[in-house]
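K.L.:
sequence and predicted structure are below.
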Amino acid sequence: MQSNPDLEAPDPVRVSTFTQGITDSLPIVIGYLPIAFAFGLSAVKLGFTPAESLLFSILIYAGASQFVITALLSAGMSLWISALTVMAMDVRHVLYGPSLRNRLVGKLNGKKTALWAFGLTDEVFAAATARLIRDKRSWSENWMCGIALFSWLSWVFGTAVGALFGNGPLDNFPAIEAALGFMLPALFLSFLLAAFKRQQSMVFVASLAGALSGLMFWSIPAAIGCGLAAGCVAALLQRPQSPSATEITSDEH
């Protein structure tokens, strides 16, 4: 009995579209809007104009690093020290492109690659990797551009709204302004909690010790650099945890 060839034919691979990229970016957009709003509000309160605050998000687009660089510049730190501090914080992004490129097949378009590479943040990288591996999403640069571009636009839009509200509309609502001002500490606390869940206590202790040493002997930028360096060294030296030896051997009584 011959089998039906139509039933055995594999499904054609459908290339992911730009619209699907926008849809896949929606969870990122929901998370970006309140934090970007808080950044715009914070930057204006630190003395930057709404246009300058917006320019930070358009050109730097680095999430927590934007909070740090505005705080350093408003505290009187030089532009070079502030820039180097932010570069040290975001050096992990250098690994995202090669890691994602290893999962791709075929030649890339230079202009489109530059677009989605600029928008390859932590969240975009995680979302793209999850879609490719878990959801078996087919790769296309239009799809990747959709995720990166819409995420970036949401960050810029949230910053613009926050910068406009920082000029006075929230003065009559101090509770809301105080809550939004806690957005950055809450963001870093979430990073710490995630570190504890991953059982990276040695890295956390080393980073904290390095940061405190830099703060005591040098300055805030030095504290950030020392904390990053100490954490990286600790992560390299830390031994991978071996699986718990809970297996029961052959029944011996």
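P.N.:
Perfect, I can see it now.

K.L.:
what's around Met144, how many residues?
P.N.:
Per other C-beta atoms under 10 Å, the neighbour tally for Met144 reads 28. For the C-beta atoms, the positions are set from N, CA and C on the backbone; glycine is no exception.

K.L.:
so what's Asp24 up against?
P.N.:
When contacts are counted by C-beta atoms under 8 Å, 6 or more residues apart in numbering, Asp24 is found next to Ala127, Ala128, Arg131, Arg137, Trp143, Gly146, Ile147.

K.L.:
one more pass at 10 Å, please.
P.N.:
Listed by C-beta atoms under 10 Å, 6 or more residues apart in numbering, the contact set of Asp24 reads 16, 124, 127-128, 130-131, 135, 137, 143-144, 146-147, 150-151.

K.L.:
helices along the stretch 151-253 of the chain, start to end?
P.N.:
Along the stretch 151-253 of the chain, the stretches classed as helices by DSSP state H, counting those that start in this stretch are 174-181, 183-197, 201-217, 220-237.

K.L.:
average pLDDT across the shortest one?
P.N.:
If I follow you right, that is helix 174-181. Mean pLDDT, computed over helix 174-181, is 64.

K.L.:
output the below-cut-off pLDDT ranges for the stretch 151-253 of the chain.
P.N.:
Scanning the stretch 151-253 of the chain with the threshold set as pLDDT under 70 gives 168-201, 220-221, 239-253.

K.L.:
quick revisit: sort the contacts of Asp24 by pLDDT and name the bottom one.
P.N.:
At the low end of pLDDT for the contacts of Asp24 is Asp135, which has 70.

K.L.:
what secondary structure does it sit in?
P.N.:
Classification of Asp135 by DSSP: H, G, I helix; E, B strand; the rest coil places it in coil.

K.L.:
returning to what we had before: in helices, which of the contacts of Asp24 fall?
P.N.:
Val124, Ala127, Ala128, Ala130, Arg131, Trp143, Met144, Gly146, Ile147, Phe150, Ser151 (DSSP state H).

K.L.:
and the next element down the chain from the longest helix along the chain?
P.N.:
For the chain, the helix with the greatest residue count under DSSP H is helix 18-45. Counting by DSSP states H and E, the element after helix 18-45 in chain order, helix or strand, is helix 50-55.

K.L.:
could I get the buried residue list for that following helix?
P.N.:
Pro50, Ser53, Leu54 (16 or more other C-beta atoms under 10 Å).

K.L.:
per-residue pLDDT, Ala62?
P.N.:
pLDDT, read off for Ala62, is 87.

K.L.:
pretty sure it is touching Arg92, no?
P.N.:
No: here Ala62 lies out of contact with Arg92, judged by C-beta atoms under 10 Å, at a distance of 11.2 Å.

K.L.:
okay then, goodbye and thanks.
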